[in-house]
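Chemist: Got a sequence here, can you build the structure:
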Amino acid sequence: MTIVNLLGKSKILYQIIKYFDLFDFPVKYDELVQLLNMKPTVIYSELKFLISKKLISKLKEYYFIPEKDWTILKRVKAENNFQISYIKIFRAGWILSHFPFVRAIFLTGSISKNVLEEYDDYDFLIITEPNHIWICKSIIDAFKRLISLNLRYSIYRFFDCNYFISKDNLTILDQNEFTALEIYFCKSIYNYPLYQEFLKENEWIKQKFKLPDNKEKILAIKRRLQFIQSFLEYLIKIFLKIFYRKNIIEKLIYALYYNISIKNQLVGNYEEFKSKGNFSQIKFFGNTQGFMVENFLNTNNNQFRNKVSTKVLRSHLFQTNENKTQGLDIVLTHAYYLSKTKKDKKVKKPYVPLGPLYIASYLKAHGFKVAFYDTTFKKGPSYFSKDIIIKFKNASFGIIGIYVTEMTRKNALKMIKACRRKSLVVIVGGPDPSNVPELYVENGANIVVIGEGEQTMLEILQEINNPTKSFTDIEGIYSEQGFSDPRTQLKKLDDLPFPAYELLDLKPYFRMWKKFRGHTEMSIITSRGCPYDCSWCSKPVFGNNLRLRSPKNVVNELVYLKNKFNPEFIHINDDIFGINEKWLKKFHFEILNNNHKMNYECLLRIDIVKPKILQLLKESGCNCIWFGIESGSQKILNRMSKHINITQLEPKMEMIRKANLKVGFFIMLGYPGENSADINLTRKLLKLTKPNFLGISMAYPITGTKFYKEITPFLKKSRFKLRLENSSRITFKTKYPPIYYGIVKRLLETEKKIYNKVGVVLVNRIIAKIYSFIYRIFALCLN
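Modeler: Residues are numbered from 1 along each chain as shown. Okay, here's the model as predicted:
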């Protein structure tokens, strides 16, 4: 049965429930009795009839659209948030009441129902002085923009005046059922007599529904600064008189009249700015919110909303504007800002974000319009809204996907909030969301993609615009309703297209590489997963199952990069490379047989090193190998579950030197159980093996790892806030204070310069002596 088949009281009752459903607001029986001019027994029998026809459902005291029981908890949260935000809403209304030419203010939208989600705007309806509606709106918009740019955390940047009406023309022109209920439920907070006059001018709503008079209003605003408003109006009117004489204002009005696509929010809100008559109404609900009316009058899309809100996931999606040059299905981005990562800013080795670029190419291959917004060289997440507006000013889109690692979490949470304020659907994925999906949903993300994202993102986009399907069957996601089934991993990596490098501007990457490293560099991956189980390592995306691309497929990508971008060096970004000697032989053959040799570096395990593998690597173009040595203490390696013997290192290093390959070591400081004796063993190992490069980091517990479980009792309370960037901060209680590890790090780096004869050896020796002295003093005092 559809709404068309309903008659009389059944239809009115269903429309009321359907209207509230647009705000994810299940209705109580007592509320319906109070609202409708019907006998309670009649309402009860009509509700039973609608339930029998499966048009509505009931749980406890709530009535709602089928499969929307999750809205009950959402309503409770939104009601609590409204109570918390009540004073803020009132303050915003008080500010607005003093703006020039504002004559009345009503609450509309969700706040008129006493509910407010964390990222919702405060919706107001404004009645203005006759013939000044356009200047009133311009002043309010300018104020909001000024607040947004300069006071990013001010409450006043969240108000949204979505309807402007002139006092001399109070009749609403969009006369439909949805608008009727919006008018009926709006609440006056300033100038209640004008509110009553407004209702009288819109008697047509009684033709839509037989509703009792709505006299509900919240505490009226007491205006104590009227003289400021009067003074500003006096100045503006003088200004307007001067310019009217020169016909400037008439030209401006004429331009406004024919510009029917002035945007209210710039991003994520494509409801058009329209004016009727003599600019007596500027509105954003009613026909301008066609998606609301469509959903209100249609019962066939209820299943679509059983997991994620239609108001968010359908109303703003795939809508194009007639003045837009193109419509995008999704914009992908990541949360990495070079300027916000102290270590990387110093190292100057930026790599392209392969994860979201793989997803972009996969979606493009399946017919979706995808854009990519690269944050790497942007100022920071505080500028995200402004930057993305400029980037996609001519393209409409409603969904944004954000790739997040643990070190970029802080940036991502800011970006999510910015997106929600623009009414964008936010989908997050990557290592950190896969580990702690609850954190991201609590902070505003609509969907978290867990594990590999290509197939999951494809299915989300395919089903988002299909009202007959739900999200319950999509594997590998988390939302407010919990987890779906785990995503099955891709078996054939060759089926994936190459990352969508064409969506990225590589010039700033190459400039930085060339300036600070002397060459240009790009990265690729040849496999996914790692079969080893180091206790501190997290593999939430690719897992422990090692899957390899074919050697030919990898070489084809190298050829593509060489022909298209011509990088001088390649970084193979695998968790582990060269573990399969048979694969490495084929890779060696493809490289040499087709004359596609390129310089590259990779990460290996020291225990798999042997002359044959080193020969294959060297002849195929490898000139540097990195090893995760982590420590010179066998005790610490055992605690890490590294499964390597420290005695292997010296003979293995001899093989590598003979093969004429450079070596880099990753060292980890501060692992539980490490003391000064263990650190001395690390110093001794580095002096003996003399690696060309060092990457030193502090032990950091990642959620879900054995290491994390081991030190959970010792985690600092501020763990989630402390390590939110690529720094060396410690997030758990260690044997020694952080300053101690800082000295050890500088000592190891200085000693590396000495044995590699980098810089002025004498100066480095003096610096090393100073650090060594301070280190010994600390060791003596703290042991």
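
Chemist: and the spatially closest residue to S385 that is not a sequence neighbour, how many residues sit next to it?
Modeler: Once flanking residues are discounted, S385 sits nearest to A418: 4.5 Å by C-beta to C-beta, 6 or more residues apart in numbering. C-betas here are computed from N, CA, C, even on glycine. Neighbours of A418 under the rule other C-beta atoms under 10 Å: 23.

Chemist: Next up, the contacts around A418.
Modeler: P381, F384, S385 (C-beta atoms under 8 Å, 6 or more residues apart in numbering).

Chemist: Check T405 too.
Modeler: So T405 contacts A335, Y336, G430, P431, D432 (C-beta under 8 Å, 6+ apart).

Chemist: tally of neighbours for the first one?
Modeler: Pointing back at A335 there. 26.

Chemist: What of N81?
Modeler: 16.

Chemist: got it, and the one 10 residues further on?
Modeler: Summarising burial for R91: neighbours were counted as other C-beta under 10 Å, giving 15.

Chemist: again, but for I777
Modeler: Neighbouring residues of I777 were enumerated by other C-beta under 10 Å; the total is 11.

Chemist: So it: helix, strand or coil?
Modeler: helix (DSSP: H, G, I helix; E, B strand; the rest coil).

Chemist: measure it to I770 for me?
Modeler: 11 Å (C-beta to C-beta, to the nearest Å).

Chemist: Please apply the same query to E619.
Modeler: 44 Å.

Chemist: E568 too?
Modeler: 38 Å.

Chemist: Same question for K113.
Modeler: 68 Å.

Chemist: Those two - which one has more neighbours?
Modeler: The neighbour count for K113 versus I770, taken as other C-beta under 10 Å, is higher for K113 (21 against 14).

Chemist: what pLDDT does the more buried one get?
Modeler: Looking at K113, its pLDDT is 82.

Chemist: next one: phi and psi at A104?
Modeler: phi -160, psi 150 (degrees, to the nearest 10).

Chemist: list the buried ones in stretch 529-548?
Modeler: 529-530, 532, 534-542, 546, 548 (16 or more other C-beta atoms under 10 Å).

Chemist: follow-up on the earlier one: and which of the contacts of T405 is nearest to F178?
Modeler: A335 (37.3 Å; C-beta to C-beta).

Chemist: could you measure the closest one against G355, distance?
Modeler: 11 Å.

Chemist: Mutual contacts of those two, please.
Modeler: In contact with both A335 and G355: Y403, using C-beta under 8 Å, 6+ apart.

Chemist: So which of the contacts of A418 are in helices?
Modeler: F384, S385 (DSSP state H).

Chemist: Turn the contacts of A418 into JSON lines, including distance to K745 and pLDDT.
Modeler: Below are the contacts of A418 laid out as JSON lines (distance: C-beta to C-beta, whole Å; pLDDT from 0 to 100):
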{"residue": "P381", "distance to K745": "28", "pLDDT": "87"}
{"residue": "F384", "distance to K745": "32", "pLDDT": "87"}
{"residue": "S385", "distance to K745": "37", "pLDDT": "79"}
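
Chemist: Redo the contacts of A418 as a markdown table? Include neighbour count.
Modeler: Converted to a markdown table, those look like this (neighbours: other C-beta atoms under 10 Å):
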| residue | neighbour count |
| --- | --- |
| P381 | 22 |
| F384 | 25 |
| S385 | 23 |
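
Chemist: can you redo the contacts of A418 as CSV with distance to I399?
Modeler: Shown next, in CSV, are these (distance: C-beta to C-beta, whole Å):
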residue, distance to I399
P381, 19
F384, 16
S385, 16
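
Chemist: Just give me the closest of the contacts of A418 to M655.
Modeler: Using C-beta to C-beta, the contacts of A418 come closest to M655 at P381, 46.2 Å.

Chemist: Could you find the closest non-adjacent residue to that closest one?
Modeler: K414 (3.9 Å).

Chemist: and after the helix or strand hosting that neighbour, which helix or strand comes next?
Modeler: Take DSSP states H and E as the rule and K414 turns out to sit in helix 409-421. Where DSSP H and E defines the elements, the next helix or strand beyond helix 409-421 is strand 425-429.

Chemist: In its sheet, which strands sit next to that following strand, and in what direction?
Modeler: Note on strand 425-429: by DSSP bridges, its sheet partners are strand 399-403 (parallel), strand 447-449 (parallel).

Chemist: want to throw those into JSON lines with mean pLDDT and mean neighbour count?
Modeler: Shown next, in JSON lines, are these (pLDDT from 0 to 100; neighbours: other C-beta atoms under 10 Å):
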{"stretch": "strand 399-403", "mean pLDDT": "94", "mean neighbour count": "27"}
{"stretch": "strand 447-449", "mean pLDDT": "94", "mean neighbour count": "28"}
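
Chemist: Indicate which one of those is closest to F20.
Modeler: It's strand 447-449; of those, that one is closest to F20 (C-beta to C-beta) at 24.1 Å.

Chemist: How about residues contacting whatever helix or strand comes next after the closest one?
Modeler: Following strand 447-449 in sequence order, the next helix or strand is helix 454-464 (DSSP H and E). With contacts defined as C-beta under 8 Å, 6+ apart, helix 454-464 is touched by 313-314, 317-318, 329-330, 358-359, 362-363, 366, 368, 399, 401, 425, 427, 429, 447, 449-450, 469-471, 474-477, 487, 490, 496.

Chemist: And the contacts of T405, which is closest to Y192?
Modeler: Out of these, the member with the shortest distance to Y192 (by C-beta to C-beta) is A335, at 46.8 Å.

Chemist: ok, that closest one - contacts?
Modeler: T375, P381, I402, Y403, V404, T405, T408, R409, N411, A412, M415.

Chemist: just K345 next, same as before
Modeler: Taking C-beta under 8 Å, 6+ apart as the definition, contacts of K345 comprise L338, S339.

Chemist: Okay, buried residues for the helix or strand S45 falls within please.
Modeler: Taking DSSP H and E as the criterion, the element that holds S45 is helix 40-52. The neighbour-count check on helix 40-52 (16+ other C-beta under 10 Å) flags I43, E46, L47, F49, L50 as buried.

Chemist: Including distance to F23, could these go into JSON lines?
Modeler: Output for the buried residues of helix 40-52, formatted as JSON lines (distance: C-beta to C-beta, whole Å):
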{"residue": "I43", "distance to F23": "21"}
{"residue": "E46", "distance to F23": "22"}
{"residue": "L47", "distance to F23": "20"}
{"residue": "F49", "distance to F23": "24"}
{"residue": "L50", "distance to F23": "19"}
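
Chemist: what's the next secondary structure element after the helix or strand containing F516?
Modeler: In the assignment (DSSP H and E), F516 maps to helix 507-517. On the C-terminal side of helix 507-517, the closest following helix or strand by DSSP H and E is strand 521-524.

Chemist: contacts for that next one?
Modeler: Contacts of strand 521-524 (C-beta under 8 Å, 6+ apart): 349, 351-352, 354, 506, 509, 513, 554, 557-558, 561, 565, 567-573.

Chemist: now those residues: which count as buried?
Modeler: 352, 354, 506, 509, 513, 554, 557-558, 561, 567-573.

Chemist: Restricted to strands, list those residues.
Modeler: F569, I570, H571, I572 (DSSP state E).

Chemist: how about the longest helix seen in the chain: buried residues?
Modeler: Longest helix of the chain, by residue count under DSSP H: helix 70-97. Buried residues in helix 70-97, defined by neighbour count with 16+ other C-beta under 10 Å: 70-72, 74-75, 78, 81-82, 85, 88-90, 92-97.

Chemist: what about that helix, average pLDDT?
Modeler: 84.

Chemist: ditto for stretch 668-687
Modeler: The model assigns stretch 668-687 a mean pLDDT of 92.

Chemist: which of the residues in that stretch are buried?
Modeler: 668-672, 674, 676, 678-679, 681-683, 685-686.

Chemist: Give me the subset of those residues that lies in helices.
Modeler: S676, D678, I679, L681, T682, R683, L685, L686.

Chemist: what two of the buried residues of stretch 668-687 have the greatest distance between them?
Modeler: Between any two of those (C-beta to C-beta), the greatest distance is 21.5 Å, for P672 and L686.
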